[in-house]
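Trainee: need a structure here:
(2 chains)
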Amino acid sequence: MKFAIALFSAAHAPSSRRALLFAQAALAGGHEIVRLFFYQDGVYNASSSVVTPQDEQDLPRQWRTFVSDHQLDGVVCIAAALRRGALNDEEAQRYQRSAASVEAPWALSGLGQLHDAIQDADRLICFGGA
Amino acid sequence: MAKSLLLISRQAPWSGPGAREALDIVLAGGAFDLPIGLLFLDDGVFQLLAGQNARTVQQKDLSANLQALPMFGVEDLFVCADSAEERGVATDALALGEIKVLSAAHIAQLIDRYDQVITL
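Mentor: Predicted coordinates for the structure are as follows:
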């Protein structure tokens, strides 16, 4: 089955952990993930600026490793990310900000990527919504 | 055929960017000509109150975005009657004229009609 996964909650939220576990289980079960789309506070999961205490789970790092290892399409909504200070190099330059915290494998893009993934996938699975 | 999407908007308009961001998903879907529905549920019904003065809380009004829905081809608009009644929101004078008022019992059927659902 082809899954699109949308994540709306911050990196410290239990639902973000569940999203990663689901994504890992989907691939382990032989399914395909057409795209991960991080929206609202979900954009924090793509931030390389998050510092987690050593004895706690570092979810942004785990997401990064997971997406890189499986060469997944990881998209962060650009409008939601800008609003929350999660910029890549290009946006940091555009808005003259001193820090960029969104790096590869993540791509900043628009909501069209969410709709595109919904059309492509058999199922959309959402985590961390209201 | 394009898959249909129902967006269930459950957040009050001034509780953060949530309501606006939920609406943005709907408007983007409309811009791509996708079959999309929008249901206001729970505190989401507060978005529909007419005559809100956003400037007093230093915010931007959501009503312009709501009024844009028909222009973006989003005409399947619904509000939960039970949510509105619980919150004292009268459904005969909402900010959106063309909206269908559904009882909670009918919402299960509504959700069933759509291929995908996002709740925000």
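Trainee: so how many other residues sit close to residue A:25?
Mentor: Residue neighbour count, defined by other C-beta atoms under 10 Å in any protein chain shown, stands at 10 for residue A:25. Just so you know, the C-beta spots here come from the backbone N, C-alpha and C atoms, and that holds for glycine as well.
Trainee: Tell me if it really is in a strand.
Mentor: No: going by DSSP: H, G, I helix; E, B strand; the rest coil, the assignment for residue A:25 is helix, not a strand.
Trainee: who touches residue 11 in this structure?
Mentor: Answering for chain A, as no chain was given. Residue A:11 is in contact with A:44-45, A:47, A:50, A:59-60, counting by C-beta atoms under 8 Å, 6 or more residues apart in numbering or on different chains.
Trainee: switch to chain B, that's the one I care about
Mentor: Taking C-beta under 8 Å, 6+ apart as the test, what residue B:11 contacts is A:130, B:18-19, B:22, B:43-44, B:120.
Trainee: Can you select the buried ones among those residues for me in PyMOL?
Mentor: The PyMOL command for the buried members of these (criterion: 16 or more other C-beta atoms under 10 Å in any protein chain shown) is given here:
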select buried, (chain A and resi 130) or (chain B and resi 18+19+22+43+44+120)
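Trainee: need the contacts of residue B:11 in JSON lines with secondary structure, can you?
Mentor: What follows is those, written out as JSON lines (three-state DSSP):
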{"residue": "A:130", "secondary structure": "coil"}
{"residue": "B:18", "secondary structure": "helix"}
{"residue": "B:19", "secondary structure": "helix"}
{"residue": "B:22", "secondary structure": "helix"}
{"residue": "B:43", "secondary structure": "helix"}
{"residue": "B:44", "secondary structure": "helix"}
{"residue": "B:120", "secondary structure": "coil"}
